[in-house]
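# With the input below, show me the fold.
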Amino acid sequence: MEFEKRKKATLATMSSSEPDKSPKGDIDAPLIPLLKTINSHPSYFTTSSCSGRISILSTPTAATTTAAVKKKKAKGGNWVFITHEPADPFSLQNLIFPIKNPTTTSSQEDLVFRFEPLIIAVECKDVLSAQKLVSLAISCGFRESGITNVNSKRVIVAIRCSIRLEVPLGDTHKIMVSKEYMNYLVGIANEKMEANRKRTDLFHDALLNNEFIARPEICTGNGDYDHLNMNHDLDDKDSSMVTGELEDIQLTSETKDDKTNGVPELILPIKSMVITGESAEKLHLWGHSACVLEATKNPKSVLVFGGFGGIGRHARRKDSWILDSLSGELKLVDFSNAPSPRMGHTASLAGELMFVIGGRADPGNVLNDVWVLDTTNNEWKQVQCTGVQFPHSHRHASAIIGSNLFVFGGIHNGSISSGMYRLDTQSLKWEEVIAQGQKPSPRHSHTLVAYGSQLFMFGGYDGVKALGDFYSFDIHSCTWRVEKMSGSTPYARFSHTMFVYKNYIGVMGGCPVKQHYQELSVFKVGSSVWKRIKLNSIGEELFVRSTTSVVGDDLVIVGGGVSCYAFGTKFSEPMKLNLLSLVSMAEPFNETKNQSNTLTEKRSHVGFDLNLEGIYGKKMVSLRWVLRVDKKHAKPAKDVLKKSGWLDAERKVYTQENGEHVCFPITKEFVALYQNKKPDFSEAVVEVNSLNLQQIFKDASSESVLDFMVALGGTTHADHVAKVRRASISPLKVMKDAVASLLNRHNLPTTLLEQLPTRWERLGDIVVLPMTSFKDSVWDSVGNELWLTVADSLGASRLARQGRVSPTGTRDSGLEILVGINGWVDHRENGVLYSFDATKCMFSWGNLSEKRRMGQLDCKEEVIVDLFAGIGYFTLPFLVKANAKMVYACEWNPHAIEALRRNLEANGVADRCVVLEGDNGVTAPKGVADRVNLGLLPSSEGSWATAVRALRSKGGMMHVHGNVKDSEEHSWTEQVSKSIKEISRRTEGYNWDVSVEHVERVKWYAPHIRHLVVDLKCKQVES
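Numbering: from 1, shown residues only. Okay, here's the model as predicted:
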């Protein structure tokens, strides 16, 4: 009822003549039809919106912002210009360029030209409704859409995309761009506005056409879309499984277990694991892998590798964790030469060897490497495989039978794949499997398990919707088969998990998310009957991209969660489920097997037996063709072409005559059949209205489908546009191709390509190559041409190579600029701007989590002394994020001091920082600090006495950094605390109690060497 009340109040406000709370004061006119459509549905209402806008925003410059203004809440500035339609460049010129020679009293403000696309906030009745809306929005191009808030009261969705534009023009005293450039910007913004409009229209049409929105008051008068009602025979519960696209998915009528099958509803208890040793937050991951260690020195344990998440900054990980399923003990295993951080990979155990395949290292770096972990001696090794080249892939699925490791599907070079590969784990040879039978469609985020000599696969995502199909694959005959499904079948899903226990296969979790509870779908091998089992005590766990591992009779569930656009991420805790109760289900499964035939509503596979030999006479020419239909018939035409296999997926769909007609690329088989069809329907529109699309798909006759296309008024035309879809290519592949061409031009051996770096970093607009890159003297013969080629292939305006940090006390950077003029860069991290000369000052990426931790402290009333300030690594988080009262920053490197002063001004905190140049033993203040930071590696011991003198006599906090052997962590922390206590007594006469408050493991500095930070609390003891 609360949802209905909020909806009623919101819609009343929208229909009111009073201005709303937005700066504009009313709803954007182009968006009103879409908002009405959304608000007509009982499960949704819109709370705020913008149709998209082109604007020029004026904001006060940092130079003119007074200290008084800084203390106030930041404001967004004022609009100098704004339109929700395409902009007129001449109007903008007249507005901007007359601003000349302002008077000395006029305020100086920055001017920024912006394009912002559509954004709509929608409150949804429940999570399932929200997920359906998000899926539809993403399929229409609004790919940044997501659920931004989920709690017991409200579920909010944001519909948006990323086609933004933001360019500084200068300020009100001086415009830094020309009129020609201004016209150029307006042209780009207008193109984006048009693309935004097309996506908006597409989304609106999808809502109307997909039977997604109830449209009692939205009627075209001729009922063009009535035949799209594909779920008229399903109840509400089942219709949620269908997304509007026709696929080979069996739809089942839900049966109540306690009535139809005679089986009481089964509820299995699931509980959180009590984690000891390391923090349970270390397992806050998704996209990781997990394998059960049965025959190793860690029996009954689960080995977890990689994934996204972890403590501190959420990132891709390369850590290996062993979780004891019995005791709950979690420990980090120090494997030498570990693979790079990744997620979306797979891990499969062959005896005592674990094979890790592919994954994604970052959005532009999808991997195809194979790593093998010997679990007996904890050694990783990257292996070089022979045979066919396995594609760069992530979100694929793998399973192993004997020595053969099978991989199916995934995202290969940006495209969703249906390819299948087999790796012989003994000979390390890849081969592509040429499968027979009922082959699965392309998909990713599916699951694959092995049982006997068969593989079983369920679900996944095909780029448009979640899949609910279930396949088996016989490894001897290499044949796929669609498995019959009856009983309480699992709903369509992706990013779920699947496991094998005895002779049962279980499926759980994934997207779409069940709002109120989790359930386990169980299938007994040899039967077609599925059973759904409710899992109680589930709390709010979200098993999306989690892992399940069967250890004995227990199912161990690790990780999973969701990412909310506005409110961050939620991870699931490690859970455990006892599976022994499944054995009692064996008899009920057998009893229901013969009854299940009446429970399934089968959907026929649309197959056309076309004998095309001789169908192409000499009159046929090698042209590409399109089928042109009116826009209102685009949806049914697409469904028919796609399902019949007549849509050419290698070319793009496009529109003609201002979007009035849609042109679908078609195959030559369709052209040959369709040319002889005559559009002789005298009442074509009426005929279309009377056709039932679902019936068309049940009819195996290609003739009836072709008649249907004629009724739509479709006509074939030669494709003179031929917009070919181009798969995205990884930056590494682009660089490799460019350098290969360079080597060919200079007659250099292609074996040099093996020396190309596979990883690099970005500092601002500088791409930084590893220190070992291109060190062979042969590269010198191509000189600057090589660096320009690499920079261009990586889209970098500047290119550099990492060097060794100077061993001097100032620890100068050894970065070498290869392309570009200077090394000054701007780098934003955790909301803090760092500006520095990368050729003179080092910058550590590995300290990001520690900088964030310092920024999360509450230091409002504290005075802090940073003894090794550098460019402001920790000084700035203390000031900007932790709101320290005052920071004394000690530094003796003149290059770092120059950057530090620049950063203090840029972040607006210079008035709360005193920079002390020189040796901190001389310059550091005495007896003023509530907190002292000693961020020097490998050891800050030389300044411990200085830190003691800097603290107040009553004590305070110290953060002591150091590089420590992993076996000596405890002894090191004890030694530091005892030393500080002794120094305070000996040098200052203090009677301090020094205790260890926390030990932070920042990163691995070297093999078996950790960067640690010990937090010491020093407190004066009353005598």
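# from here on, contacts and neighbour counts on C-alpha atoms
Noted.
# element containing residue 969?
helix 969-983 (DSSP states H and E).
# Give the other helices and strands that that helix contacts.
With contacts taken as 3 or more CA pairs under 8 Å, 6 or more residues apart in numbering; DSSP states H and E, helix 969-983 sits against helix 944-950, strand 992-1006.
# what comes up buried for the longest one?
Applying a neighbour-count criterion of 16 or more other CA atoms under 10 Å, one finds 992, 993, 994, 995, 999, 1002, 1003, 1004, 1005 buried in strand 992-1006.
# give the contact list for the last one.
By CA atoms under 8 Å, 6 or more residues apart in numbering, the contact set of residue 1005 is 963, 1011.
# Please report how far it lies from residue 130.
Distance, residue 1005 to residue 130, by CA to CA, to the nearest Å: 44 Å.
# wait, doesn't residue 531 sit right on residue 519?
No. Checked against CA atoms under 8 Å, the pair residue 531 and residue 519 is beyond contact range at 10.0 Å.
# what separates residue 893 from residue 912, distance-wise?
Distance from residue 893 to residue 912, by CA to CA: 21 Å.
# So for these two, which residue has more residues nearby?
residue 893 (21 against 15; other CA atoms under 10 Å).
# Quick check: that one touching residue 869?
No. Applying CA under 8 Å, one finds residue 893 not in contact with residue 869, separated by 9.7 Å.
# What about residue 798? Give its phi and psi, please.
phi -140, psi 150 (degrees, to the nearest 10).
# Quick check: bridge partners of it?
For residue 798, the beta-bridge partners are residue 766 (DSSP bridges).
# Which residues are in contact with it?
Listed by CA under 8 Å, 6+ apart, the contact partners of residue 798 are 765, 766, 767, 791, 817, 818, 819, 820.
# Longest helix of this protein, counting residues only.
Counting by DSSP state H, the longest helix found in the chain is helix 179-209.
# How far away from the center of its chain is it?
Between the centre of helix 179-209 and the centre of its chain there are 25 Å (CA atoms, centre = their mean, to the nearest Å).
# in it, what's buried?
Within helix 179-209, the residues scored as buried using 16+ other CA under 10 Å are 179, 182-183, 185-187, 189-190, 192-193, 196-197, 199-209.
# What of stretch 1008-1023?
For stretch 1008-1023, using 16+ other CA under 10 Å, the buried residues are 1009, 1010, 1011, 1012, 1013, 1014, 1015, 1016, 1017, 1018, 1019.
# for stretch 164-182, same thing?
So for stretch 164-182, counting by 16+ other CA under 10 Å, buried means 164, 169, 171, 172, 173, 174, 175, 179, 182.
# What of stretch 761-776?
Applying 16+ other CA under 10 Å to stretch 761-776 flags 763, 766, 767, 768, 769, 770, 771, 774 as buried.
# and it, how far out from the chain's middle?
So, by CA atoms, centre = their mean, the centroid of stretch 761-776 is 25 Å from its chain's centroid.
# Equivalent analysis for stretch 492-502, please.
Distance, stretch centre to chain centre, for stretch 492-502: 21 Å (CA atoms, centre = their mean).
# Looking at it now, give me its mean pLDDT.
On average, the pLDDT along stretch 492-502 is 92.
# Next, the buried residues of it.
Going by 16+ other CA under 10 Å, stretch 492-502 has these buried residues: 492, 493, 494, 495, 496, 497, 498, 499, 500, 501.
# Spatially, and excluding backbone neighbours, which residue is closest to the third one.
Spatial nearest neighbour of residue 494, chain neighbours left out: residue 460 (4.2 Å); criterion: CA to CA, 6 or more residues apart in numbering.
# Counting by contacts, list what the particular helix or strand that has the one you found in it packs against.
Secondary structure assignment for residue 460, by DSSP H and E: strand 454-461. Strand 454-461 sits against strand 447-451, strand 466-474, with contacts defined as 3+ CA pairs under 8 Å, 6+ apart.
# I would like the residues contacting the longest one, please.
With CA under 8 Å, 6+ apart as the contact definition, strand 466-474 has outside contacts at 248-250, 440, 453-461, 479-485, 490-494, 511.
# And the buried ones among the residues you listed, selectable in ChimeraX?
ChimeraX command restricting the contacts of strand 466-474 to the buried ones, with burial defined by 16+ other CA under 10 Å:
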select :248,249,250,440,454,455,456,457,458,459,460,461,479,480,481,482,483,485,490,491,492,493,494,511
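# Outside of stretch 830-847 itself, list whatever touches it.
Here stretch 830-847 has contacts from 805, 811-817, 822-828, 852, 871-872, 876-877, 880, 895-896, 899, 902-903, 906-907, 1002-1003, using CA under 8 Å, 6+ apart.
# Disregarding residues adjacent in the polypeptide, which is nearest to residue 716?
In space, residue 716 is closest to residue 627, 4.6 Å off (CA to CA, 6+ apart).
# pLDDT averaged over the helix or strand in which the one you found is found, what's the number?
Per DSSP H and E, residue 627 falls inside strand 625-630. For strand 625-630, the mean per-residue pLDDT is 87.
# follow-up on the earlier one: can you redo the helices and strands packed on helix 969-983 as a markdown table with mean pLDDT and distance to residue 644?
A markdown table is the format used below for the helices and strands packed on helix 969-983 (pLDDT from 0 to 100; distance: least, CA to CA, whole Å):
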| stretch | mean pLDDT | distance to residue 644 |
| --- | --- | --- |
| helix 944-950 | 95 | 76 |
| strand 992-1006 | 91 | 54 |
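# so which of those comes closest to residue 577?
strand 992-1006 (31.7 Å; CA to CA).
# now the angle from the following helix or strand past that closest one to helix 969-983?
For strand 992-1006, the succeeding helix or strand toward the C-terminus, using DSSP H and E, is strand 1009-1020. If you take axes from the mean of the first three to the mean of the last three CA atoms, to 10 degrees, strand 1009-1020 sits at 40 degrees to helix 969-983.
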